[in-house]
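A.B. asks: Need a 3D model of the sequence below.
(chains A, B and C)
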Amino acid sequence: MAGVADNYEIRIRGRVGDSLLQAFEGLTVTTEPVETVLYGPIHDQETLHELLAELQSLGLELLELRRLPGEAG
Amino acid sequence: MVRNRPRGATRPIHYEIVVRGELSQRFSTAFEGMTLTAGHGRTVIAGPVVDQAQLHGLLTRVSDLGLELVSVNAAREPAPPRPDEA
Amino acid sequence: MGRSPSTAAVVAPQRIGATVAAGGRNGRGGRPRPPERRLGARSTAGAGMPLLETKLSPPCAGFRLVSRPRLSALLDAGAQQLLTLVSAPAGTGKTTLLASWRSSGRPPGPVAWLSLDPGDNQAARFWAHTLAALHRSGAVPAGSPLRSLAPRPGADDTFLPLLVSGLTELPAPVVLILDDVQELTDATVLEGLEFLLRHAPPLLRLVLATRADPPLPLQRLLVGGQLTQVRSADLAFTVAEVADLLADHEDRPRLSEDDLALLQARTEGWAAGLRLAALSLRSQPDPHRFVTELAGDDRNIADYLVREVLDSCPQELRSFLVRTSVVEELHGDLADALTGGHGGAQTLARLERANAFVVALGSRRSAYRYHALFAGLLRYTLRREAPDEVAELHRRAARWYAEHGLATDAVQQALTAREWRYAADLMAEHGLSLILRDEGALLRRLVGRLPAGLVQADPELTLLAAADGILRDDADTATVRLRLAERREEVHQDRQDRFALLLAICRSTLAWRAGDLDEAVAAGQEALALQAGTGAGATDDARARTLSDLGRAELWAGDPEAAEAHLLEGRAVALEAGLGSLQLSCTSQLAALHAMRGTLGTAFQLGTDAAELAAQRGWSSSPPATGGYLALAWVHYHRDELVEADRQLERAVAASRGRAEGPVTAAVAMVRARLQRARGDLTGAIATVAAARQGPAGRRPPARLWRWLVLTEAELRSAAGQPQSAGSLLEGVVDGEPLGAGEAVALARVQLREADAAAAAATLASFPDATAPGGLLVAPVEAWLLDALVSDALADRDRAAASLERALGLAEREGSRRSFLDAGAPARSLLVRYRQRMPSSWPYVDELLRSSAESAPAPAPPPLVEPLTERERTVLRYLPSMMTYEEIASDLYVSPNTVKSHVHGIFRKLGVNGRRQAVRSARELQLL
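C.D. replies: Numbers count the residues shown, from 1 in each chain, chains lettered A, B, ... in the order given. Just a heads-up that it's a prediction; the model follows:
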C-alpha cells in the first residue's frame, strides 16, 4: 500500500480505562454504552493485525471492525 | 468449529469476516467450520464462533494468507448453531 | 508447588510495599555473577545452539492452586488421545492448570514441557528445544535414536521422519506440553507440527496451550476422535471455585454468597481478574463495597483491577513495577539497571512470595517473569506516565543483555524500542556468532525493519543485508549488497576488523557458490588471517567457519596439501565447539580429498563417518553431506560395486539440491559419467559430461573444471568412435594454461586411443607428476596404467612393466579394479603379456583377468593394436565350434600346425590364453 492509510472503526465490549488508552496510540477512543469505539488510520494489514493481537492479549472482546475507505486521514 | 461436547455455558455467536478478493472453495480448509461466499470482489467468511480464541485464530489465518481484512461483524444476539447464508 | 495457607506470605498491597522497602534498605548491591550461573544455565543442543533451561519447565505459580477436579478430569480424558487443545485468552489459568496437572501424577507417562517464545519461529531452534524437553522428561531411553538426533539449520528433509520414527519406538506414553503456541507463526515450524500430528506416533500425547486457535487441521482431528478441547468457558471459575480461590488468600471468608456471585459474573470467571481482585480485597476494609463498586463500573476489568493494585503500592514499588515491565525475563541486577536502583533481586523475591503476579522461572529462582497480562498493562501504564523513558529503558535492557553475552535478547530489545541504529550496532558488534550459526530469523527481522535509506547509507548495515541474502540463498541480492558494502574506511575504527572479517567470509561463500575458486581461496585466506590475527572474531565459531570454507575452496582449486591442513583443524575446532554442521562439512570434504588422492581406504572411512554423522542428526539431505557421499560413490565405483556407487551418487545429488555449487556439480557429473560408461552407456556418459560442460543455467563451471570436463568428453567421444568431435573439442583447450594431472591423463588417453602414442607420452612427460596424487578425481592407478600402455605402444617394455607393476601394487592395496576394467582389452592384453614378468602379482592379475572377462562389454570396442589377418579371422570363425584343430585344418586344407600357429596369433592379439576366452573376447570386439 502506498503511503495513504485507510480509516478503521473497531468496537470492543466494555469500557477502556486510561492506561489501556496507551494501547491505541493514533486512534480516537470514544465510549458508547457498553462499548468502546476506536477510530482512526491504520497503515497496513500488519499493523492492523498487531492491534488485533493486542486486543486479544488484553482480553478485550472484539465485536466489530470496519474499514472506511476514502476517508484518508 | 463445533465443540466436541455440549456445554451449557455459552452459545456460539455468528461472525462474518469480510476480506478483499474472491477466494475459491480451496480455502475452506483454512477456515474450518465456516462457509465462504465470494462475490463483488469480496469474500465473506461466516459461521459460528465459540469464543475470542477461536475468532483470533481465524483472524490470524487471514493475516497469514496475506488477505486484506475489510470488516468483522458479530451478531449481537447468539445465533443458532447452523451457519447462515451470507 | 503446594503451599499451605498458613505459611503463605499473604500480604496486602501496602504491606507488600512495606515488606519490600524494609528488605530493600538492608539489601546489598552485590556484584553480578557470571551469566551462565544466573540466567538458568545454557547448554548446547546438538545443532550447536544454546538452550534456554527456563523454557523447559513451567513457571512456578506464586499462589496455591485451586483444586479443580472437573478440569483435571478433562485433561485426563484428553491424554487418552493424540491432541488436547487448551485455547483461551491470556490470564485464564491455562499454564497454571497444566503445570499442576503435570505434577499431579495423573498423566499417563512422563510429561515434557516447553514454553514457547517468538524465537522458536525457527525450525532448528524449535525442534532442538522440543527434543531437549523430551529428554528432560525422562521419556527417552538410553538406546533411542532420539538421543543423538538434532535438527540442522536450513532445509532438512530427513529430520521429521526420524523424529516420528524415534517417537514411535518409545516404550511408554509421553505427554508433550507446548505452552504459548500462539507465538508460532513460522510456516515451516507449523508444517512440522502438522507433520507430527498427521503421522501420530501412537504413544505421543500432545497438549497445546494457546491464546488463539492455531492453524492446524483441528477439524480433521476432531472428526477422527483425536482431539479434546479445553476452552475459556471450561476454564472460567465457577462461584464455588471463586470462593476457594479467595479463601486461599485469606484466613476467613469475607464475602457473602451474593457478592461471590457478583464477582464471578463481573469477572466472568476470569482467573487473572479474580486474582487481581483478591489482591485488592486483602486491603479493603469493606469488601462488600469493593465488589459492588467493581460490579457497577463498566471499565475493562483488567484495567480497573491493575489500577487498583498499583494505586495502593508505595511510589517506589510502583515505579519498580512499571519500569521493569519492558523486559520478558527479569533478573535482580537487570532490574537494578533499569530502575537505576539496587536491591532488585530482593524486590523480585518478595513480590513473588507476596503472590503479586511475579512468577519465578525454573527451579533456581534467579529469573522472574511478570504474568503476561500484568506486564502488558504495566507497559501501557509506563507509556502513559513516562513516555520519554521508554526508549531509554529498552536501551538499558539491551545494554545489559549485550554485556552478559546475550546478543539475541539485546537485539530484540533494541528492535522492540525501534532503535534500528542501536540494533544494527549490536548486531555488528555481537552478532557475528549468530550469523555464523545461521540464526537467520533474527537477522531477517532486523534487515526487514530497517528503512532502505538507512541501510544504503551505512556499510555495516549493507553488509548485514548481504549476509541475510546469503543465508536465504539469494545470491543475486547478496552479491549486489556485498559490492555496495565494500567501504571499510567508513566504518568505526574499533569495528573495522570485525567488519572486514564478515565481509571476507561473505565474499568467500558467494565465490564458492558461484564456482569462482580462485576468489573463494583468496577471500578465505583473508578471512582466516583476520580471524587469527586481530581477535576480531576470536571465537571458535569464526575459526571453525573460516577454516572450513578455506579448506573446501583450496581442495577444489587444486591445493590438497593446504586444504588438508585446514580441514583437519577446522574439523577439530568444530567438534570442540559443538558445531555439528561444520564438523560434517569438514569430514565430507576430507573424504573427497582422499578420493581424489586415490587413498580409497581412508576416503571410504571418512565418507562413512560423514554419512553416519549426517544420518544421526537428520542432515542427510543437506549440502554439507554432499562431499562424503561423492567420495563413497567414487570408492564403490573403483571397487566395481556399481549398484552401491549409484546409491551414494543419488544421495549426493539429493544433498546438494537446492544449492548449485559449481565444483560439486561438476564432480557429480564426472562420477555419473563414469558409472554410465562402466555400464556400457557411452552415449549417456557423453551427454552427462556435455551438459555439465555447459553448466547449470548456461553458467560454465570454473575454468579448471571446465577444461577437465572438455577433455573427458573428448576421451569419451574418441572411445565412441567419434574422432572428429574429439579432435575439435581438443582444439583450443590444449594450448594455454598448463595442464593439471587429471587433464593430462584425459588428454593422453585420447591421444593413445587415436594411436598417437608418441603424443601421449609427450603429454605425460610434460606433466611428470601425472602420477602424483592431487589430480581431480584421477586415481594414481589410472595414471600408472596409462603410462604402462603408452610405453608398451612405444615398445619400451621395461618401462611398461615397471609402471604396470606400480599400478597393480596401488590397485591391490586400495581395492581398485575399475581402472583396469575401464581400460578394456588393451589393459587385458597388457596383463596377459606381462604376467610372466611379475610373479608376485599373479594372484591379483588373475583376479583382474577373471573379472574383466565377466564385466560388461563396451559397445564400441577399441580397435586391436594389432588387427587379425585374413587367415586368422577365418580360423577364428571355427573356434566357437567343437571342432578340433585337426578337423579345422582338414576343413581348410591346411596342416594342423598352420591352424595352431594361427590360433596362437589370435590368442596373442586378443590377449587371451584359451579358446573359450578367445571366443568371448572376439564377440566383445564384435569380430564374431
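A.B. asks: for chain A, what spans make up the helices?
C.D. replies: Under the criterion DSSP state H, helices of chain A are mapped to A:18-21, A:45-57.
A.B. asks: Could you say which of the ones you listed is packed most deeply?
C.D. replies: Highest mean neighbour count of these: helix A:18-21, a mean of 20 (counted as mean count of other Cβ atoms under 10 Å in any protein chain shown). No exception for glycine: its C-beta is placed from N, CA and C like everyone else's.
A.B. asks: does any bit of that one sit next to chain C?
C.D. replies: Yes. Helix A:18-21 lies within reach of chain C by Cβ under 8 Å from any Cβ of the partner chain, at A:Asp18, A:Ser19, A:Leu20, A:Leu21.
A.B. asks: dump the residue contacts of the last one.
C.D. replies: By Cβ atoms under 8 Å, 6 or more residues apart in numbering or on different chains, the residues touching A:Leu21 are A:Val29, C:Tyr380, C:Arg384.
A.B. asks: Pull up the gap between the last one and C:Ala788, please.
C.D. replies: Remark: distance between C:Arg384 and C:Ala788 (Cβ to Cβ, to the nearest Å) = 91 Å.
A.B. asks: before we move on, what about the first one?
C.D. replies: To C:Ala788, A:Val29 is 93 Å away according to Cβ to Cβ.
A.B. asks: Report the residue spans of the chain with pLDDT below the cut-off.
C.D. replies: You didn't say which chain, so I picked chain A. A:1-3, A:70-73 (pLDDT under 70).
A.B. asks: sorry, should have said chain B
C.D. replies: B:1-10, B:76-86.
A.B. asks: Go again with 80.
C.D. replies: B:1-10, B:75-86 (pLDDT under 80).
A.B. asks: More neighbours: which of A:Val29 and C:Ala788?
C.D. replies: C:Ala788 (27 against 17; other Cβ atoms under 10 Å in any protein chain shown).
A.B. asks: Okay, and the more buried one sits in which element?
C.D. replies: helix C:780-793 (DSSP states H and E).
A.B. asks: Let me see the mean pLDDT of that helix.
C.D. replies: Averaged across helix C:780-793, pLDDT comes to 85.
A.B. asks: Show me what from chain B comes close to chain A.
C.D. replies: Counting by Cβ under 8 Å from any Cβ, the positions of chain B adjacent to chain A are B:52, B:55-56, B:59-60, B:63, B:66, B:68-74, B:76.
A.B. asks: does C:Glu872 count as helix, strand or coil?
C.D. replies: helix (DSSP: H, G, I helix; E, B strand; the rest coil).
A.B. asks: how much space between it and chain B?
C.D. replies: 75 Å (Cβ to the nearest Cβ, to the nearest Å).
A.B. asks: show me what contacts that residue?
C.D. replies: Counting by Cβ under 8 Å, 6+ apart, C:Glu872 touches C:His902, C:Gly905, C:Ile906, C:Lys909.
A.B. asks: out of those residues, who's near chain B?
C.D. replies: Of the contacts of C:Glu872, not one also sits near chain B (Cβ under 8 Å from any Cβ).
A.B. asks: Out of those residues, name the ones that lie in strands.
C.D. replies: Applying DSSP state E to the contacts of C:Glu872, no entry is found in strands.
A.B. asks: Which parts of chain B are helices?
C.D. replies: B:52-64.
A.B. asks: measure the residue nearest the centre of it to chain A for me?
C.D. replies: Closest to where the C-alpha atoms of chain B average out (Cα atoms, centre = their mean) is B:Ala46, at 3.9 Å. The gap separating B:Ala46 from chain A is 14 Å, by Cβ to the nearest Cβ.
A.B. asks: and what of C:Asp474?
C.D. replies: C:Asp474 sits 22 Å away from chain A, going by Cβ to the nearest Cβ.
A.B. asks: Likewise for C:Ala544?
C.D. replies: 38 Å.
A.B. asks: just to revisit the earlier point, quick check: which of the residues of chain B next to chain A are also close to chain C?
C.D. replies: B:Gln52, B:Leu55, B:His56, B:Leu59, B:Thr60.
A.B. asks: hang on, the earlier thing: chain B: which of the residues of helix A:18-21 next to chain C is nearest?
C.D. replies: A:Leu20 (16.2 Å; Cβ to the nearest Cβ).
A.B. asks: Contacts only, for the closest one.
C.D. replies: A:Leu58, A:Leu60, C:Asn300, C:Asp303, C:Leu377, C:Tyr380.
A.B. asks: again, only using 6 Å
C.D. replies: C:Asp303, C:Tyr380 (Cβ atoms under 6 Å, 6 or more residues apart in numbering or on different chains).
A.B. asks: Neighbours of whichever residue of chain B sits closest to chain C, how many?
C.D. replies: Nearest to chain C, among the residues of chain B, is B:Gly57, at 2.8 Å (Cβ to the nearest Cβ). B:Gly57: 25 surrounding residues under other Cβ under 10 Å.
A.B. asks: Alpha carbons of stretch C:82-98, in CSV - could you do that?
C.D. replies: Output in CSV follows, covering the C-alpha atoms of stretch C:82-98 (Å, rounded to 0.1, in the frame of the first residue of the first chain):
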residue,chain,number,x,y,z
LEU,C,82,-3.4,-37.6,20.4
LEU,C,83,-4.2,-33.9,20.9
THR,C,84,-5.5,-31.7,23.7
LEU,C,85,-6.1,-28.1,22.7
VAL,C,86,-6.3,-25.6,25.6
SER,C,87,-7.3,-22.5,23.7
ALA,C,88,-8.3,-19.4,25.7
PRO,C,89,-7.2,-15.8,26.2
ALA,C,90,-4.4,-14.6,28.4
GLY,C,91,-5.0,-14.9,32.1
THR,C,92,-7.5,-17.7,32.1
GLY,C,93,-5.2,-20.0,34.0
LYS,C,94,-4.0,-22.3,31.3
THR,C,95,-0.4,-22.5,32.3
THR,C,96,-1.2,-22.9,36.0
LEU,C,97,-3.7,-25.7,35.3
LEU,C,98,-1.3,-27.6,33.0
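A.B. asks: Which two among the residues of chain B next to chain A are spaced furthest apart?
C.D. replies: B:Gly66 and B:Arg76 (30.5 Å; Cβ to Cβ).
A.B. asks: Following the host helix or strand of C:Ala360 in sequence, what is the next regular element?
C.D. replies: In this assignment (DSSP H and E), C:Ala360 forms part of strand C:358-361. Downstream of strand C:358-361, the next assigned helix or strand under DSSP H and E is strand C:367-370.
A.B. asks: any idea of the mean pLDDT for that following strand?
C.D. replies: 84.
A.B. asks: Briefly note if it comes near chain A.
C.D. replies: No. Strand C:367-370 lies out of reach of chain A by Cβ under 6 Å from any Cβ of the partner chain, never closer than 13.0 Å.
A.B. asks: Now do the contacts for C:Arg102.
C.D. replies: C:Val111.
A.B. asks: State the distance from it to chain A.
C.D. replies: 24 Å.
A.B. asks: any idea of the pLDDT on that residue?
C.D. replies: 93.
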